[in-house]
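# Need a 3D model of the sequence below.
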Amino acid sequence: MVNYDLITILGPTASGKTPLAAALAYKLDTEIISGDSRQIYRRMDLGTGKDLADYVVDGHQVPYHLIDIVEPGYKYNVFEYQRDFLSAYNEVKQKGKLPVLCGGTGMYLESVLKGYRLLPVPENPQLRASLAGKSLEELTQMLSVYKKLHNSTDVDTVKRAIRAIEIEEYYKQQPPEYREFPTLNSLIIGVDIDRELRRQKITRRLKQRLDEGMVDEVKTLLEGGIAAEDLIYYGLEYKYLTLYATGALSFDDMFHQLEIAIHQFAKRQMTWFRGMERRGFSIHWLDARMPTEEKVEKIINLLDTKS
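Residues are numbered from 1 along each chain as shown. Presented below is the predicted three-dimensional model:
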(Lines give C-alpha, C1' and ligand atoms only; values in the text may rest on other atoms or scores of the structure.)
Protein backbone atom coordinates (compact mmCIF):
# COMPACT_ATOMS: atom_id res chain seq x y z
CA MET A 1 0.00 0.00 0.00
CA VAL A 2 1.30 3.47 -0.91
CA ASN A 3 1.96 5.63 2.14
CA TYR A 4 0.27 8.86 1.11
CA ASP A 5 0.67 12.08 3.10
CA LEU A 6 -2.31 13.78 1.52
CA ILE A 7 -5.26 13.38 -0.84
CA THR A 8 -5.77 16.26 -3.27
CA ILE A 9 -9.07 16.79 -5.07
CA LEU A 10 -9.00 19.38 -7.82
CA GLY A 11 -11.22 20.43 -10.68
CA PRO A 12 -12.72 23.45 -12.40
CA THR A 13 -15.54 25.49 -10.94
CA ALA A 14 -18.93 23.71 -10.90
CA SER A 15 -17.35 20.25 -11.20
CA GLY A 16 -18.64 19.06 -7.81
CA LYS A 17 -15.23 18.69 -6.15
CA THR A 18 -16.36 20.04 -2.75
CA PRO A 19 -19.22 17.55 -2.19
CA LEU A 20 -16.82 14.78 -3.25
CA ALA A 21 -14.10 15.95 -0.84
CA ALA A 22 -16.65 16.20 1.99
CA ALA A 23 -18.05 12.71 1.31
CA LEU A 24 -14.52 11.29 1.19
CA ALA A 25 -13.45 13.09 4.36
CA TYR A 26 -16.56 11.81 6.14
CA LYS A 27 -15.83 8.26 4.99
CA LEU A 28 -12.18 8.46 6.12
CA ASP A 29 -12.99 10.42 9.30
CA THR A 30 -10.65 13.24 8.36
CA GLU A 31 -10.60 16.98 7.64
CA ILE A 32 -10.49 19.22 4.57
CA ILE A 33 -7.96 21.94 3.77
CA SER A 34 -9.26 24.43 1.23
CA GLY A 35 -7.17 25.29 -1.82
CA ASP A 36 -9.25 28.26 -2.98
CA SER A 37 -7.77 31.75 -3.20
CA ARG A 38 -11.05 33.57 -2.53
CA GLN A 39 -12.82 31.41 0.04
CA ILE A 40 -10.29 32.62 2.60
CA TYR A 41 -12.29 35.87 2.90
CA ARG A 42 -14.94 36.33 5.58
CA ARG A 43 -18.42 37.53 4.52
CA MET A 44 -17.63 36.78 0.87
CA ASP A 45 -19.78 33.67 0.73
CA LEU A 46 -22.08 33.50 -2.28
CA GLY A 47 -19.61 35.16 -4.64
CA THR A 48 -16.83 32.72 -3.76
CA GLY A 49 -19.15 29.70 -3.84
CA LYS A 50 -18.32 28.47 -0.35
CA ASP A 51 -21.38 26.19 -0.26
CA LEU A 52 -20.72 25.46 3.41
CA ALA A 53 -23.73 23.15 3.49
CA ASP A 54 -21.65 20.73 1.39
CA TYR A 55 -19.45 20.13 4.44
CA VAL A 56 -22.37 18.53 6.31
CA VAL A 57 -22.61 14.84 5.37
CA ASP A 58 -25.34 12.66 6.89
CA GLY A 59 -25.81 15.28 9.59
CA HIS A 60 -22.09 15.27 10.40
CA GLN A 61 -20.04 18.47 10.14
CA VAL A 62 -16.81 17.72 8.28
CA PRO A 63 -14.08 20.01 9.72
CA TYR A 64 -12.48 22.39 7.23
CA HIS A 65 -9.50 24.75 7.26
CA LEU A 66 -8.42 27.95 5.42
CA ILE A 67 -11.95 29.22 4.83
CA ASP A 68 -12.97 32.55 6.43
CA ILE A 69 -9.48 33.37 7.72
CA VAL A 70 -8.91 36.99 6.55
CA GLU A 71 -10.94 40.17 6.14
CA PRO A 72 -12.17 41.39 2.73
CA GLY A 73 -9.85 43.97 1.20
CA TYR A 74 -6.69 42.15 2.29
CA LYS A 75 -4.33 41.13 -0.54
CA TYR A 76 -3.56 37.53 0.44
CA ASN A 77 -0.87 35.75 -1.60
CA VAL A 78 0.58 32.33 -2.39
CA PHE A 79 3.48 32.79 0.04
CA GLU A 80 1.02 33.20 2.91
CA TYR A 81 -0.99 30.27 1.61
CA GLN A 82 2.04 27.96 1.84
CA ARG A 83 2.54 29.04 5.45
CA ASP A 84 -1.13 28.64 6.41
CA PHE A 85 -1.48 25.33 4.57
CA LEU A 86 1.48 23.87 6.44
CA SER A 87 0.00 24.94 9.77
CA ALA A 88 -3.38 23.34 8.94
CA TYR A 89 -1.72 20.24 7.47
CA ASN A 90 0.35 19.66 10.61
CA GLU A 91 -2.72 20.19 12.80
CA VAL A 92 -4.66 17.48 10.95
CA LYS A 93 -1.68 15.08 10.83
CA GLN A 94 -1.14 15.43 14.58
CA LYS A 95 -4.61 13.93 15.01
CA GLY A 96 -3.47 10.87 13.07
CA LYS A 97 -5.67 11.73 10.08
CA LEU A 98 -4.99 11.87 6.32
CA PRO A 99 -5.81 15.45 5.19
CA VAL A 100 -7.89 16.12 2.08
CA LEU A 101 -6.80 19.19 0.12
CA CYS A 102 -9.61 20.46 -2.10
CA GLY A 103 -9.75 23.44 -4.43
CA GLY A 104 -9.54 24.95 -7.86
CA THR A 105 -6.75 27.50 -7.48
CA GLY A 106 -4.02 25.71 -9.39
CA MET A 107 -1.24 28.00 -8.21
CA TYR A 108 -2.08 27.35 -4.54
CA LEU A 109 -2.42 23.60 -5.01
CA GLU A 110 0.82 23.28 -6.94
CA SER A 111 2.67 25.49 -4.46
CA VAL A 112 2.20 22.90 -1.70
CA LEU A 113 2.59 19.82 -3.89
CA LYS A 114 5.89 20.72 -5.55
CA GLY A 115 7.93 20.41 -2.34
CA TYR A 116 9.74 23.71 -2.00
CA ARG A 117 8.86 27.01 -0.40
CA LEU A 118 8.15 29.92 -2.72
CA LEU A 119 9.81 33.21 -1.87
CA PRO A 120 8.87 36.69 -3.12
CA VAL A 121 11.73 37.58 -5.46
CA PRO A 122 12.72 41.26 -5.89
CA GLU A 123 14.00 42.63 -9.18
CA ASN A 124 17.77 42.51 -9.66
CA PRO A 125 18.72 45.48 -11.88
CA GLN A 126 22.38 44.47 -12.12
CA LEU A 127 21.52 40.95 -13.25
CA ARG A 128 18.97 42.24 -15.74
CA ALA A 129 21.54 44.64 -17.18
CA SER A 130 24.05 41.81 -17.56
CA LEU A 131 21.48 39.68 -19.43
CA ALA A 132 20.25 42.44 -21.73
CA GLY A 133 21.12 41.76 -25.34
CA LYS A 134 21.42 38.01 -24.93
CA SER A 135 19.40 35.84 -27.29
CA LEU A 136 16.56 33.60 -26.17
CA GLU A 137 18.74 30.59 -27.02
CA GLU A 138 21.58 31.88 -24.79
CA LEU A 139 19.16 32.59 -21.93
CA THR A 140 17.60 29.14 -22.25
CA GLN A 141 21.04 27.58 -21.98
CA MET A 142 21.82 29.66 -18.88
CA LEU A 143 18.52 28.71 -17.24
CA SER A 144 19.14 25.00 -17.88
CA VAL A 145 22.22 25.25 -15.64
CA TYR A 146 19.96 26.19 -12.71
CA LYS A 147 17.22 23.60 -13.26
CA LYS A 148 15.88 20.92 -15.54
CA LEU A 149 13.43 22.50 -17.97
CA HIS A 150 10.26 20.36 -17.92
CA ASN A 151 8.42 22.66 -20.32
CA SER A 152 8.97 25.75 -22.42
CA THR A 153 6.79 28.15 -20.38
CA ASP A 154 9.76 29.85 -18.68
CA VAL A 155 11.58 30.42 -21.93
CA ASP A 156 8.93 31.33 -24.49
CA THR A 157 10.07 34.99 -24.45
CA VAL A 158 13.29 36.82 -23.57
CA LYS A 159 11.48 38.70 -20.79
CA ARG A 160 10.23 35.48 -19.17
CA ALA A 161 13.61 33.80 -19.48
CA ILE A 162 15.34 36.73 -17.76
CA ARG A 163 12.77 36.68 -14.94
CA ALA A 164 13.20 32.91 -14.55
CA ILE A 165 17.01 33.31 -14.24
CA GLU A 166 16.46 36.17 -11.77
CA ILE A 167 14.29 33.91 -9.60
CA GLU A 168 16.71 30.97 -9.72
CA GLU A 169 19.69 33.21 -8.90
CA TYR A 170 17.85 34.69 -5.91
CA TYR A 171 16.88 31.25 -4.62
CA LYS A 172 20.46 30.04 -5.00
CA GLN A 173 21.67 32.81 -2.70
CA GLN A 174 19.21 32.01 0.11
CA PRO A 175 20.15 29.67 3.01
CA PRO A 176 18.65 26.19 2.48
CA GLU A 177 16.40 26.49 5.54
CA TYR A 178 14.61 29.44 3.89
CA ARG A 179 13.26 27.08 1.28
CA GLU A 180 12.46 24.10 3.47
CA PHE A 181 9.02 22.72 2.72
CA PRO A 182 7.98 19.10 3.18
CA THR A 183 7.76 16.93 0.08
CA LEU A 184 4.24 15.55 0.31
CA ASN A 185 3.31 12.34 -1.45
CA SER A 186 -0.25 13.11 -2.53
CA LEU A 187 -2.82 11.03 -4.31
CA ILE A 188 -4.21 13.60 -6.76
CA ILE A 189 -7.80 13.21 -7.97
CA GLY A 190 -9.20 15.39 -10.75
CA VAL A 191 -12.93 15.83 -11.33
CA ASP A 192 -13.41 15.90 -15.09
CA ILE A 193 -16.63 17.53 -16.22
CA ASP A 194 -17.87 17.61 -19.81
CA ARG A 195 -17.62 21.13 -21.25
CA GLU A 196 -21.32 21.43 -22.09
CA LEU A 197 -22.39 20.10 -18.68
CA ARG A 198 -19.95 22.50 -17.05
CA ARG A 199 -21.45 25.42 -18.96
CA GLN A 200 -24.96 24.42 -17.91
CA LYS A 201 -23.97 24.08 -14.25
CA ILE A 202 -22.12 27.40 -14.25
CA THR A 203 -25.16 29.24 -15.63
CA ARG A 204 -27.55 27.47 -13.25
CA ARG A 205 -25.34 28.19 -10.23
CA LEU A 206 -24.96 31.84 -11.21
CA LYS A 207 -28.75 32.29 -11.41
CA GLN A 208 -29.18 30.45 -8.09
CA ARG A 209 -26.64 32.61 -6.27
CA LEU A 210 -28.19 35.79 -7.61
CA ASP A 211 -31.57 34.55 -6.35
CA GLU A 212 -29.98 33.81 -2.96
CA GLY A 213 -28.80 37.41 -2.59
CA MET A 214 -25.35 37.72 -4.14
CA VAL A 215 -26.02 41.35 -5.14
CA ASP A 216 -26.97 42.19 -1.55
CA GLU A 217 -23.78 40.49 -0.33
CA VAL A 218 -21.68 42.83 -2.47
CA LYS A 219 -23.73 45.90 -1.47
CA THR A 220 -23.27 45.00 2.21
CA LEU A 221 -19.49 44.75 1.72
CA LEU A 222 -19.44 48.15 0.00
CA GLU A 223 -21.62 49.70 2.71
CA GLY A 224 -19.31 48.17 5.32
CA GLY A 225 -16.41 50.21 4.01
CA ILE A 226 -14.72 47.80 1.58
CA ALA A 227 -13.45 49.87 -1.36
CA ALA A 228 -15.00 49.12 -4.74
CA GLU A 229 -11.54 48.75 -6.29
CA ASP A 230 -10.65 46.11 -3.68
CA LEU A 231 -13.71 44.04 -4.59
CA ILE A 232 -13.04 44.49 -8.31
CA TYR A 233 -9.48 43.22 -7.66
CA TYR A 234 -10.93 39.83 -6.61
CA GLY A 235 -12.39 39.40 -10.09
CA LEU A 236 -15.31 37.35 -11.42
CA GLU A 237 -18.46 37.77 -9.30
CA TYR A 238 -17.05 40.59 -7.19
CA LYS A 239 -15.79 42.55 -10.18
CA TYR A 240 -19.02 42.45 -12.18
CA LEU A 241 -21.42 42.73 -9.24
CA THR A 242 -19.49 45.75 -7.95
CA LEU A 243 -19.71 47.36 -11.39
CA TYR A 244 -23.47 46.70 -11.31
CA ALA A 245 -23.88 47.91 -7.73
CA THR A 246 -22.04 51.16 -8.52
CA GLY A 247 -24.09 51.79 -11.66
CA ALA A 248 -21.36 51.06 -14.21
CA LEU A 249 -23.24 48.09 -15.70
CA SER A 250 -26.89 47.20 -16.19
CA PHE A 251 -28.13 43.95 -14.65
CA ASP A 252 -28.35 42.21 -18.04
CA ASP A 253 -24.84 43.34 -19.07
CA MET A 254 -23.48 42.27 -15.69
CA PHE A 255 -25.06 38.82 -15.97
CA HIS A 256 -23.91 38.28 -19.56
CA GLN A 257 -20.33 39.46 -18.98
CA LEU A 258 -20.00 37.56 -15.69
CA GLU A 259 -21.31 34.34 -17.24
CA ILE A 260 -18.71 34.57 -20.02
CA ALA A 261 -15.95 35.38 -17.50
CA ILE A 262 -16.74 32.32 -15.35
CA HIS A 263 -16.71 30.05 -18.42
CA GLN A 264 -13.31 31.48 -19.40
CA PHE A 265 -12.07 31.03 -15.83
CA ALA A 266 -13.06 27.33 -15.85
CA LYS A 267 -11.11 26.87 -19.10
CA ARG A 268 -8.04 28.50 -17.53
CA GLN A 269 -8.34 26.19 -14.53
CA MET A 270 -8.30 23.13 -16.79
CA THR A 271 -5.33 24.55 -18.70
CA TRP A 272 -3.43 24.86 -15.40
CA PHE A 273 -4.28 21.29 -14.35
CA ARG A 274 -3.18 19.89 -17.72
CA GLY A 275 0.01 21.90 -17.27
CA MET A 276 0.55 20.24 -13.90
CA GLU A 277 0.45 16.88 -15.66
CA ARG A 278 3.10 18.09 -18.12
CA ARG A 279 5.17 19.23 -15.14
CA GLY A 280 5.20 15.70 -13.76
CA PHE A 281 2.12 15.44 -11.52
CA SER A 282 0.02 12.31 -11.90
CA ILE A 283 -3.69 13.17 -11.78
CA HIS A 284 -6.33 10.43 -11.62
CA TRP A 285 -9.37 11.84 -13.44
CA LEU A 286 -12.89 10.81 -12.46
CA ASP A 287 -16.01 11.63 -14.45
CA ALA A 288 -18.10 14.28 -12.68
CA ARG A 289 -21.30 12.43 -13.70
CA MET A 290 -20.28 9.36 -11.70
CA PRO A 291 -22.31 9.04 -8.46
CA THR A 292 -20.49 10.46 -5.44
CA GLU A 293 -20.46 7.11 -3.61
CA GLU A 294 -18.83 5.48 -6.63
CA LYS A 295 -16.18 8.18 -6.85
CA VAL A 296 -15.40 7.80 -3.14
CA GLU A 297 -15.06 4.04 -3.60
CA LYS A 298 -12.66 4.51 -6.52
CA ILE A 299 -10.50 6.91 -4.50
CA ILE A 300 -10.32 4.49 -1.58
CA ASN A 301 -9.35 1.71 -4.00
CA LEU A 302 -6.58 3.95 -5.36
CA LEU A 303 -5.37 4.56 -1.80
CA ASP A 304 -5.11 0.81 -1.30
CA THR A 305 -3.42 0.12 -4.65
CA LYS A 306 0.28 -0.64 -4.62
CA SER A 307 2.38 1.64 -6.77
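# OK, contacts around G35?
Under the criterion of C-beta atoms under 8 Å, 6 or more residues apart in numbering, the contact list for G35 reads T8, L10, L66, F85, L101, C102, G103, G104, T105, Y108, L109, V112. In short, each C-beta sits where N, CA and C put it, glycine included.
# Now, of those, which are buried?
Buried residues within the contacts of G35, counting neighbours by 16 or more other C-beta atoms under 10 Å: T8, L10, L66, F85, L101, C102, G103, G104, T105, Y108, L109, V112.
# starting at the chain centroid, how far to stretch 90-107?
13 Å (C-alpha atoms, centre = their mean, to the nearest Å).
# buried residues in that stretch?
Buried residues in stretch 90-107, counting neighbours by 16+ other C-beta under 10 Å, are found at V92, L98, P99, V100, L101, C102, G103, G104, T105, G106.
# Equivalent analysis for stretch 279-290, please.
Within stretch 279-290, the residues that qualify as buried by neighbour count (16+ other C-beta under 10 Å) are F281, I283, L286, A288, M290.
# buried ones in the longest helix along the chain?
When every helix of the chain is counted residue by residue (DSSP state H), the longest turns out to be helix 251-278. Residues of helix 251-278 classed as buried by neighbour count (16+ other C-beta under 10 Å): M254, F255, L258, E259, I262, H263, A266, Q269, M270, W272, F273, M276.
# and it, what other elements does it pack with?
helix 106-113, helix 195-211, helix 236-245, strand 283-287 (3 or more C-beta pairs under 8 Å, 6 or more residues apart in numbering; DSSP states H and E).
# how far off helix 251-278 does the shortest one point, in degrees?
Between strand 283-287 and helix 251-278, the angle comes out at 140 degrees (axes from the mean of the first three to the mean of the last three C-alpha atoms, to 10 degrees).
# Strand 283-287: how far from the chain's middle?
Centre-to-centre, strand 283-287 and its host chain are 17 Å apart (C-alpha atoms, centre = their mean).
# partners of that strand, with directions?
strand 186-192 (parallel) (DSSP bridges).
# got the contact list for the partner strand?
When contacts are defined by C-beta under 8 Å, 6+ apart, strand 186-192 is touched by residues 2, 4-12, 15-17, 20, 101, 113, 273, 281-288, 295, 299, 302-303.
# And for stretch 120-138?
In this structure, residues lying in contact with stretch 120-138 by C-beta under 8 Å, 6+ apart are 77, 79, 139, 142, 155, 157-158, 161-162, 165-167, 169-171.
# Please determine how far the spatially most central residue of the chain is located from A88.
Most central in the chain under C-alpha atoms, centre = their mean is T105, positioned 1.4 Å from the mean C-alpha point. Relative to A88, T105 is positioned 15 Å away (C-beta to C-beta, to the nearest Å).
# now the helices for this protein?
With DSSP H as the criterion, the chain has helices spanning 17-28, 78-93, 106-113, 125-131, 136-146, 158-173, 195-211, 214-223, 228-233, 236-245, 251-278, 292-304.
# now the second one and helix 106-113, what's the angle there?
Right, helix 78-93. Relative orientation of helix 78-93 with respect to helix 106-113: 50 degrees, computed using the same axes, to 10 degrees.
# residue ranges with poor pLDDT in the stretch 151-300 of the chain?
Residue ranges of the stretch 151-300 of the chain with pLDDT under 70: 151-155, 176-179.
# One more pass at 80, please.
Of all residues in the stretch 151-300 of the chain, those with pLDDT under 80 make up the ranges 151-156, 174-180.
# Just list the residues touching T8, thanks.
By C-beta under 8 Å, 6+ apart, the contact set of T8 is G35, V100, L101, C102, L109, L113, S186, L187, I188, I189.
# So which of those residues is the closest to D54?
The shortest approach to D54 among the contacts of T8 belongs to C102, at 10.1 Å (C-beta to C-beta).
# I figured that closest one hits I32, correct?
Yes: at 5.5 Å, C102 and I32 qualify as touching, with contact defined as C-beta atoms under 8 Å.
# between those two, what contacts are shared?
Contact criterion C-beta under 8 Å, 6+ apart; residues shared by C102 and I32: A21.
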